[in-house]
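> What follows is a predicted structure for the sequence shown.
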Amino acid sequence: MIGLTNKSGEQIKIKWDELRMAENGIDKKIEHIQISKKEIIVFQPPSIISPKSECTDLVVYADNIYYLKQSGKETMKIKDFFPSKVNNSKRDSIENLKGQRITLLFPIEIKNLSHSWIFHFLLEDIKSRRTVNAGDIFLASIPL
């Protein structure tokens, strides 16, 4: 989920088709997703954020989108960015996520001028949320 607050007096255009993310320097294709009660839509046109307003949208790794046939109908499904539940055999792979660096290139346009905001995150720690469910994990990231 990406949330943006436009505190300026100008409209901001988010260029979803140019959005990029990298894990430890490896580029990952990102898709902008729109979810309604009936379907999930891969949605790439730019979004316009009016002055003094907010926008919250969902983005996912393109590789995390898959299709499942249910009751004769093909349905789009989305895997989590990171696993939310693990068993003991997966715990080591989850623990290996610690120290992972994530970079988000967020392209916008203000007054017909392109800008690229770059955000760097470090997956600093992994915490078990045993009070909620023994298999749930919490992935903590901090901006660098």
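Received the coordinates, thanks. Note that this is a predicted model, so its numbers are computed, not measured.
> is the residue nearest to the spatial centre of the chain in a bridge, and if so with what?
Centroid-nearest residue in the chain: Val59, 4.2 Å away (criterion: C-alpha atoms, centre = their mean). With DSSP bridges as the criterion, Val59 is bridged to His32.
> Provide a list of residues in contact with it.
Listed by C-beta atoms under 8 Å, 6 or more residues apart in numbering, the contact set of Val59 reads 1-2, 16, 19, 21, 30-33. Yep, even glycine has a C-beta here, placed from its N, CA and C like the rest.
> Same question for Pro46.
Contacts of Pro46 by C-beta under 8 Å, 6+ apart are 13-17, 109.
> Ala22 versus that one, what's the distance?
22 Å (C-beta to C-beta, to the nearest Å).
> cool, Gln44 as well?
Taken as C-beta to C-beta, the span from Gln44 to Ala22 is 19 Å.
> any low-confidence regions in the chain?
Within the chain, the ranges that satisfy pLDDT under 70 run 36-37, 39, 43, 81-94, 127-144.
> Kindly list the longest strand within it.
strand 113-128 (DSSP state E).
> Quick check: can you name the pairing partners of that one and their directions?
Going by DSSP bridges, the partners of strand 113-128 are strand 101-110 (antiparallel), strand 137-143 (antiparallel).
> Could you check the longest one and say which residues are buried?
Residues of strand 101-110 classed as buried: 102-104, 106-109 (neighbour count, 16 or more other C-beta atoms under 10 Å).
> same question, stretch 46-62
Those would be 46, 49, 59-61, for stretch 46-62 by 16+ other C-beta under 10 Å.
> Would you reformat these as TSV and include distance to Gly72?
Listed next are the buried residues of stretch 46-62 as TSV, based on distance: C-beta to C-beta, whole Å:
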residue	distance to Gly72
Pro46	36
Ile49	40
Val59	30
Val60	26
Tyr61	28
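> of the residues you listed, closest to Ile26?
Nearest to Ile26, judged by C-beta to C-beta, of those is Tyr61 at 11.3 Å.
> what about the residue nearest to Asn64 when sequence neighbours are not counted, neighbour count?
What sits nearest to Asn64 in space, not counting adjacent residues and going by C-beta to C-beta, 6 or more residues apart in numbering, is Lys79, at 4.2 Å. Lys79 has 12 neighbouring residues, counting by other C-beta atoms under 10 Å.
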